[in-house]
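J.: got a predicted structure plus its sequence, pasted below:
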Amino acid sequence: MKTENYRVTKTELAGVRVSVTSYQIGESYHCHVANLDPGATIARAEADSPAEAEQTALAKAAARLKSN
């Protein structure tokens with residue numbers, strides 16, 4: 001299987017600059033949220049739709065960032 005629909009966006013979440021990477025492998029969609037500096041992974045998610053994967057990963061990341 002190969003990666004398809006690869007997309008990277010940069011945004012701010014809970015006052016932290018993050019990159020949001022979304023992609024499809026087979027029939028599942030993945031999303032990875034990482035801190036831009038130093039580049040550490042904050043959250044990941046896998047779902048049946050790209051919107052659901054991104055929403056889940058961003059919710060996890062926001063919760064983790066708020067607890068710090």
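T.: Cool, got the structure.

J.: run a quick neighbour tally on residue 12.
T.: Around residue 12 there are 9 other residues, counting by other CB atoms under 10 Å. The way it works is simple: take the backbone N, C-alpha and C, and place the C-beta from them, glycine included.

J.: and it, what element?
T.: Per DSSP states H and E, residue 12 falls inside strand 3-13.

J.: let's test this: mean pLDDT of that strand, rounded?
T.: Strand 3-13 shows a mean pLDDT of 95.

J.: direction included, what does that strand pair against?
T.: strand 16-25 (antiparallel) (DSSP bridges).

J.: for the next helix or strand along the chain from the partner strand, give the mean pLDDT please.
T.: Following strand 16-25 in sequence order, the next helix or strand is strand 28-35 (DSSP H and E). Average pLDDT, strand 28-35: 97.

J.: in strand 28-35, which residues are buried?
T.: Using 16 or more other CB atoms under 10 Å as the test for burial, strand 28-35 gives 29, 30, 31, 32, 33, 34, 35.

J.: can you check stretch 6-26 too?
T.: Result for stretch 6-26 [16+ other CB under 10 Å]: buried residues 13, 16, 18, 20, 21, 22, 23, 24.

J.: how about residue 44: what's its closest non-neighbour residue?
T.: Among residues not flanking residue 44 along the chain, residue 32 sits closest, at 5.2 Å (CB to CB, 6 or more residues apart in numbering).

J.: from residue 2, how far out is residue 64?
T.: For residue 64, the distance to residue 2 equals 30 Å [CB to CB, to the nearest Å].

J.: also residue 11?
T.: 27 Å.

J.: what do you get for residue 20?
T.: For residue 20, the distance to residue 2 - CB to CB - is 21 Å.
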